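J.: give me the fold of what follows.
(2 chains)
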Amino acid sequence: MSSASSEKSDIVFWQGNEVVARAAIAAGCRFYGGYPITPSSEIAAVMAELLPEVGGTFIQMEDEIAAMGTVIGASLVGKKSLTATSGPGFSLKLEHLGYACIAEVPCVIVNVMRGGPSTGLPTAPAQADVMQAKWGTHGDHPTIALAPAFHREIYLDTIKAFNISEKYRVPVIILIDEVLGHMSEGMIIPDPSEYEIIDRVKPSVPPEEYNPYDTQYGDVPPMANYFEGYRFHVTGLNHGANGFPTTVPDICHNDEVRMIQKVMKDVDTLTEYDEYMLEDAEVAVFAFGSTARGAKMAVEKARQEGLKVGLFRAITLWPFPEKVIHELGQRVKAFVVPEMNLGQMILEVERSVHKEMPIVGVNKVGGVPVPPYEILEKIKEVLQHA
Amino acid sequence: MPKAAVDYLYYLRAEKLPHMWCPGCGIGIVVKSMIGAIDSLGWDKNDIAVISGIGCTSRAPGYMDMNTLHTTHGRALSFATGVKMAAPDKHIIVISGDGDATAIGGNHFIHACRRNIDITLIINNNNIYGMTGGQFSPTTPYGARAATTPHGNIDPAFDLVELAKGAGATYVARGAVDNARMMEKYFKDGMEHHGFSVIEILSNCHTQYGRRNKMADAITMIDWISDQVVSNKKAAKMSPEELEGKIITGEMYHNTELAEYTDEYAKLIERVQAKAALKA
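T.: Below is the predicted model of the structure:
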């Protein structure tokens, strides 16, 4: 393994998990709290190796919940912080994911998805935690989840995840799967000129005037670090602008609405997606993550056979690109939705299209990717009836 | 030398008072002693983080004018570990109840002890879950009544001192709310100790524990605690028969020889960076 300050512009051949770790360091991440779990463990291993060199901190905790606790603690001191996990570990992370939402603490959580439920298929891919990412922690809360599909995109989206988390004071989830996490793929390391680095906005007022959830500067309140004289309070209870617990219904209600609104008001700029051969398409394939790679192959085969098919590849899963899918639904006759689960994101496609039309899934949960030929078959089947 | 009077309000968020605890609750004595200890150490309150989990005791940080973090049930030590690793030169105090620290937080507790990370853990042990309505905890005595032991408690109790020592804490003490002066001394020594410190305070919850066990007021409960406690100096001269049913208080363990965790990590960074510099 080469050093953290690895030479730029060279072609590297890294596992997806290593890409996440190296991109995190490039994003300014200086704290990693983790717990061993397959198939995400390489992220921890690379962070353990590289963080000390840049003066950062790696810690392996006694469990997943504690790992996520350390991440929030370190972030409150001002460190950009990361944790990574897979399926069963993600279930455990959810307790503190909710804490990060209500306390508005920036951090990034990677879930390298594997088969489930429970221990499931530890070394095989799945995409079955997408709804869990959205709804898993209790209570209403904002969710941002990115699902990059190839290594360069994993690199840039990891940096983007940190940027979003800092900009909006939210936890950001990166959803990849075992295929992407373990597959090695050649890529050129993006040059720093290709991306921006965003840091949280610090308060401009003196400590005695500081309120950690002050909305007079907008929906995202400026955030002080611990130990810089601000001496503020952070709690997982509903709280007022001053950070102290409250049960006043209007304050609680308005604050929860704001927490979600601060993300949703920027849904158009937050939702990243890729459209491929959709201009004249009669059938749109909706896919994300590693499944989108097979879907692209299916679309290309279909085009070779003269079929009018295109691919909508969602990169931001949450918030869902609702408006774009709705508009696409007005242009195409049908959707084919392959995913490594028994039909999760298809529900969002149906909800967004909001119209009677064939929207059919191609689903695999046996621990293998959805084969392109099965997607192709489904495209043909749908076209026959469209 | 007589100690100068402590300006308690300087360390408190006066606008948050009155506190939410029941009249006579032992937590008040614990918080006062914490402030006394901090004051005698001369620490800057900007450099202190007070971190807690969930429960009556865990509401304490909200009243303290420091960097305060009220986390999730049982998990305060994990947040505290992150804060300490990110700011190794700062003072981190965790305050927790018995249920919070040793039931749902039991795993975090033993591993924080094992790492010997420089955090001071204060456990207000009132033998009960107070906030949730008086359920038995890992320190509820055998036979005692609780909301969930209406027929008497059959669970054996933890000895928190033995647990902390066994798990690797390097400063361990036990005090009680009937002796605030000693409590403050243990807090001060624990805070000053460079390693993981555990101070257990035998405390009274007359509302949830006392009422169910014929000790419905603070005085009766504190007397009950006083009747049980024996200082380790006195205990050394007592026979096993005389010690039957007694709880020993005092500084129980103090080891300054073992490596502290953030020091070890700082050395690791130094090693790695020196190696990288050689390569460059």
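
J.: could I get the longest helix belonging to chain B in CSV with only the CA atoms?
T.: With secondary structure taken from DSSP state H, chain B has its longest helix at helix B:261-279. Output of helix B:261-279 as CSV, limited to C-alpha atoms (Å, rounded to 0.1, in the frame of the first residue of the first chain):
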residue,chain,number,x,y,z
TYR,B,261,-4.6,5.4,25.6
THR,B,262,-4.3,8.8,24.0
ASP,B,263,-0.6,8.9,24.9
GLU,B,264,-0.2,5.6,23.2
TYR,B,265,-2.0,6.9,20.1
ALA,B,266,0.1,10.0,20.1
LYS,B,267,3.3,7.8,20.1
LEU,B,268,1.8,5.8,17.3
ILE,B,269,1.3,8.9,15.2
GLU,B,270,4.8,10.0,15.9
ARG,B,271,6.2,6.7,14.9
VAL,B,272,4.2,6.6,11.6
GLN,B,273,5.1,10.1,10.7
ALA,B,274,8.8,9.6,11.4
LYS,B,275,8.7,6.6,9.1
ALA,B,276,6.9,8.5,6.4
ALA,B,277,9.4,11.4,6.7
LEU,B,278,12.2,8.9,6.2
LYS,B,279,10.6,7.6,3.0
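
J.: quick one: buried residues of it?
T.: B:261-262, B:265, B:269, B:272, B:276 (16 or more other Cβ atoms under 10 Å in any protein chain shown). Yep, even glycine has a C-beta here, placed from its N, CA and C like the rest.

J.: which ones among those also lie next to chain A?
T.: B:265, B:269, B:272, B:276 (Cβ under 8 Å from any Cβ of the partner chain).

J.: any idea which of those residues is closest to B:Ala103?
T.: Ranked by distance to B:Ala103 (Cβ to Cβ), these are led by B:Tyr265 at 29.3 Å.

J.: who's in contact with the closest one?
T.: Residues in contact with B:Tyr265 (Cβ atoms under 8 Å, 6 or more residues apart in numbering or on different chains) are A:57, A:59, B:85, B:88.

J.: tell me the contacts of the third one?
T.: Translated: B:Met85. Residues in contact with B:Met85 (Cβ under 8 Å, 6+ apart) are A:31, A:57, A:59, A:70, A:73-74, B:117, B:262, B:265.

J.: over to the last one?
T.: Taking Cβ under 8 Å, 6+ apart as the contact definition, B:Pro88 lies against B:118, B:262-263, B:265-266.

J.: out of the ones next to chain A among the buried residues of helix B:261-279, which comes closest to A:Pro192?
T.: Nearest member of those to A:Pro192, counting by Cβ to Cβ, is B:Ala276, at 19.8 Å.

J.: stretch B:36-55 near chain A anywhere?
T.: Yes - with Cβ under 8 Å from any Cβ as the criterion, chain A is reached by stretch B:36-55 at B:45-47, B:49, B:51.

J.: pretty sure A:Gly329 contacts A:Glu350?
T.: No - assessed by Cβ atoms under 8 Å, A:Gly329 is found out of contact with A:Glu350, at 9.4 Å.

J.: what pLDDT is listed against B:Pro2?
T.: B:Pro2 is assigned a pLDDT of 56 by the prediction.

J.: can you pull out the strands in the stretch 151-280 of chain B?
T.: Ranges of strands in the stretch 151-280 of chain B, per DSSP state E, counting those that start in this stretch, are B:171-176, B:197-202, B:229-231, B:247-254.

J.: which one of these is the most hemmed in?
T.: Of the strands of the stretch 151-280 of chain B, the one with the most neighbours on average (mean count of other Cβ atoms under 10 Å in any protein chain shown) is strand B:197-202, at a mean of 30.
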